[in-house]
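A.B. asks: Got a predicted model here, sequence first, then my questions.
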Amino acid sequence: MTDPTTIERTQHEPSRMLELKRATRGVEELRAALREVEREFAGQIEAIEPSMRTSARNLVHYLAVRRHDVRELQDRLERLGLSSLGRMEAHVDASLQAVLEALHALRGEPVLPGEGPLVTFDAGDTLLAAHAAAILGPVPAERDTRIMVTMPGHAAEAPGLIRELVQAGMDIMRINCAHDSPAVWRQMVQNLRSAERETRRPCRVCFDLAGPKLRTGPLAAGPAVVKWRPKRDAIGCVVAPARIRFVSHAPDAEAEEANIPVDGGFIAQAQPGDEIVFTDARKRKRSLDVVAVDDGGCVCETSMTAYVVPGTRLTLQRRGKAVAEAQVGDLPAIEQWIGLHLGDTLEVVHGDEPGRDAIHDEDGRIVQAAFVSCAIREVFRAVRAGEPILFDDGKVRGTIRDVRPDRFAVEIHMVQGGSAKLRAEKGINLPESELSLPALTPKDLEDLAFVAPHGDMVSLSFVRAPSDVEMLLSELAKLDAAPLGVVLKIETQAAFDRLPMLLLTALKHPPVAVMVARGDLGVEVGFERLSEVQEEILWLCEAAHVPVIWATQVLESLAKAGMPSRAEVTDAAMGSRAECVMLNKGPYIRETLRFLVDVLHRMKEHQHKKSARLRKLRVSDAVPPGSEPARGRADS
């Protein structure tokens, strides 16, 4: 009697051989596509720096594969127990060759030799690691991912802060050229070099060029007034006094307490326990208790709300007697905004005329629409009716209507929270408009002259086309800045659409990296597509052996407020798939850096690019009730 297992195996053989045949044909077709696309890109590959041509070939090989839908082939290979090509990015031809050899072996046929030199599995990973080290510096021993930290302006005067960050794990210091000045940047770099010597830990410098950022223009100034009020509970009782600081210099807009400028002699005479009395802008008598005096000013507290304007007279009293008098100096105007709701119309006009809110008649009807200015003429040449426009990181979204040479109307169709306050200097995104703005502005060209001798790498902001990269490479050649690394910031729909050609262009000037600037990029492509898009960027860059910097809002709640969200921690862990993660500045940047170092150290044991690393898990030691407990721990 025939064994049932033998019958089942015999019936299965024709089906398996058919699967092998179809899988072999599918892989062979992909390998043929590699050769065809390589011939298509022969001119671009030849123009690339010789040491990078292997990586360029691998990139076009990856493009050849991704021109096909290979999901059915992947399923077939998985059923045969073979690689499904899901980790082929860094070594495309070698991956196809290995699978093809396995298929031929299973069919009992001779193994076919590969055509031309292959980027082997080891070589692909080695090239990516070498290119990352060339621009981003050596990889830290305790993690596989470097950390870039954006400097606040006061870092120029705080060498201790920079030293702490280097000691805690900062691998790259980022200087945003949209802020501060070359004198401030120079001091930051000097502080960093001192920190490197003191900590014996290397750290590189990345200068981020500002680029042609589209922003809303100024708004009409509001009144010059400062308001303060104490903190009250639900029934109106004061639970914390308002704090006010009188200073002899211009007030600090970012200070936690209200800053009021007065004559320095008035401050010099103040002592803790004194009282400052005055009549505020509403003709109400108010008093403040002096609680501290230092070189920088005089700190007061009060349980009363007050409005203070320039010229308000102050009297310093001690035990009921007047000691000194002074007037409040110049105060900054209150920042204004344009209130927007669903269905509103906002006009965008060329120039720098201060924008304003809508004007209403006595019945509340709009007689003049709100408007905001934009100084970049090219915007008004490029936009077309029906195209989308977004303001303030996508918080306000609309559709362009009624386009004229110097203005266009925007019909608001989405507002975060139902209403929004659009302020000056907020970003404008035009994801479907064909802008022909150069990536380098006159300011960028001036800054580049400083960056070349002081930086290790330079980030090209708002790159949209290969010509933008060519322009930067040309300027670097003029400055004899061949060693300077180039970082392409992918933050527009156009940049993402043209990423393969941007990479092939940038490979002419190694070292090169790509920054996934997920803030603007998410606004442009739509946040529902951001996860998909950032995955594709990671894949394409790995195929080109180009390192990736994972940027924008990483652990932002922790950096700004001292507590991360659950989603942010998961996002930070995802950053371990890149060669570098960028942190933005914030009051809690030290704590944020240490937190990220710990996350990346832990993820090193579990993840490499798309592949899970299957180290022994402690939870796998679980045993049925009554059994002997397993000994030893594998993770913590």
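C.D. replies: Sure, I can see it.
A.B. asks: which ones are touching the residue positioned nearest the centre of the chain?
C.D. replies: Per C-alpha atoms, centre = their mean, the C-alpha nearest to the average position across the chain is that of Thr552, at 2.2 Å. Thr552 sits next to 516-521, 582, 584 when contact means C-beta atoms under 8 Å, 6 or more residues apart in numbering. Heads up, the C-betas are built off the backbone N, CA and C, glycines and all.
A.B. asks: What is the nearest of the residues you listed to Leu437?
C.D. replies: Nearest to Leu437 out of the contacts of Thr552 is Asp520 (C-beta to C-beta; 14.0 Å).
A.B. asks: before we move on, the earlier item: of the contacts of Thr552 - the most surrounded one?
C.D. replies: Greatest neighbour count in the contacts of Thr552, by other C-beta atoms under 10 Å, goes to Leu521: 28 neighbours.
A.B. asks: so that residue is in which element?
C.D. replies: Using DSSP states H and E, Leu521 sits within helix 518-525.
A.B. asks: contact partners of that helix?
C.D. replies: 390, 393-394, 427, 429, 431, 490-493, 496, 530, 533-534, 550-553.
A.B. asks: okay, now Leu80: neighbour count?
C.D. replies: Counted with other C-beta under 10 Å, the neighbours of Leu80 add up to 17.
A.B. asks: still on that earlier bit, so after the helix holding Leu521, what's the next helix or strand?
C.D. replies: The C-terminal neighbour of helix 518-525 among helices and strands, as given by DSSP H and E, is helix 527-543.
A.B. asks: For that following helix, what does the pLDDT average out to?
C.D. replies: What helix 527-543 shows for mean pLDDT is 92.
A.B. asks: Show me what it is packed up against.
C.D. replies: Counting contacts by 3 or more C-beta pairs under 8 Å, 6 or more residues apart in numbering; DSSP states H and E, helix 527-543 is packed against helix 53-66, helix 493-497, helix 499-506, strand 512-517, helix 518-525, strand 548-551.
A.B. asks: which stretch among these comes nearest Gly320?
C.D. replies: So among the helices and strands packed on helix 527-543, helix 518-525 is nearest, using C-beta to C-beta, at 56.1 Å.
A.B. asks: Report the inter-axis angle for the closest one versus helix 527-543.
C.D. replies: 120 degrees (axes from the mean of the first three to the mean of the last three C-alpha atoms, to 10 degrees).
A.B. asks: For helix 518-525, output the C-alpha coordinates as CSV.
C.D. replies: What follows is helix 518-525, C-alpha atoms only, in CSV (Å, rounded to 0.1, in the frame of the first residue of the first chain):
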residue,chain,number,x,y,z
ARG,A,518,9.1,66.2,8.0
GLY,A,519,7.4,69.5,9.1
ASP,A,520,7.1,71.2,5.8
LEU,A,521,7.2,67.9,3.9
GLY,A,522,4.1,66.7,5.8
VAL,A,523,2.3,69.9,5.0
GLU,A,524,3.1,69.6,1.3
VAL,A,525,2.4,65.9,0.7
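A.B. asks: and Ile162, that's in a strand?
C.D. replies: No. Ile162 is assigned helix when assessed by DSSP: H, G, I helix; E, B strand; the rest coil, not a strand.
A.B. asks: Can you select the buried ones among the contacts of helix 518-525 for me in PyMOL?
C.D. replies: Per 16 or more other C-beta atoms under 10 Å, the buried members of these correspond to this PyMOL selection:
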select buried, resi 390+394+427+429+431+490+491+492+493+496+530+533+534+550+551+552+553
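A.B. asks: Identify the farthest-apart pair in the contacts of Thr552.
C.D. replies: The distance between the two most remote of these (C-beta to C-beta) is 15.3 Å, for Leu521 and Asn584.
A.B. asks: Tell me which stretches of the stretch 301-450 of the chain form helices.
C.D. replies: Along the stretch 301-450 of the chain, the segments classed as helices by DSSP state H, counting those that start in this stretch run 377-382, 442-454.
A.B. asks: buried stuff in the first one?
C.D. replies: Burial within helix 377-382, assessed by neighbour count using 16+ other C-beta under 10 Å, is assigned to 379-380, 382.
A.B. asks: next one: the last one
C.D. replies: Going by neighbour count (16+ other C-beta under 10 Å), the buried part of helix 442-454 is 444-445, 447-448, 450-452, 454.
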